[in-house]
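In: requesting a structural model of the entry that follows:
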Amino acid sequence: MTPADALSRHLELCEELHQLALEENRFLKTQQRSPDAALIDRRRSLLDRLNESLSAIRSAGEDPLPTDRMARERRKDTIETARTRILQILHLQKENEQLVLRYSLGAPRPPVVTIPPSAGHLQKLYDRRR
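Out: Coordinates of the predicted model:
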């Protein structure tokens, strides 16, 4: 496998991981509980594939910079896109972990109801500030 092929496959895998993180995020927000075993198994499978992808990139070696300017730009864009996608995945995973923690700590708390201050109370506060 050439380094360019390894990079493009890695980018595809990053896209799959991002979609899974989005799916998990939607699940957590709508169901307000920990993800199902199927979702966790999918994540584990994708993470195993990610390790294989990283090994493939390492074993492919360093691709000498192509002499073609367009090929260099494509390679640079692929690497930058993969980095951006990985940062998005990490951000989503952090949010997902916080949601799992919140929902696993116990029963959901009732929403806090705030009562707006009355007009008379606001007038008293205003008068005090003058």
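In: contacts only, for residue 23.
Out: Shown in contact with residue 23 (CB atoms under 8 Å, 6 or more residues apart in numbering): residue 39. In this view, the C-beta of every residue, glycine as well, is placed from N, C-alpha and C.
In: show me where the protein has its helices.
Out: For the chain, the helices defined by DSSP state H cover 3-31, 37-60, 69-104, 119-129.
In: how distant is the second one from the center of its chain?
Out: For helix 37-60, the gap between its own C-alpha mean and the chain's C-alpha mean amounts to 16 Å (CA atoms, centre = their mean, to the nearest Å).
In: now the angle from it to helix 3-31?
Out: Between helix 37-60 and helix 3-31, the angle comes out at 160 degrees (axes from the mean of the first three to the mean of the last three CA atoms, to 10 degrees).
In: for the chain, give me the ranges with low pLDDT.
Out: Confidence mapping of the chain against pLDDT under 70 gives the ranges 61-67, 106-110.
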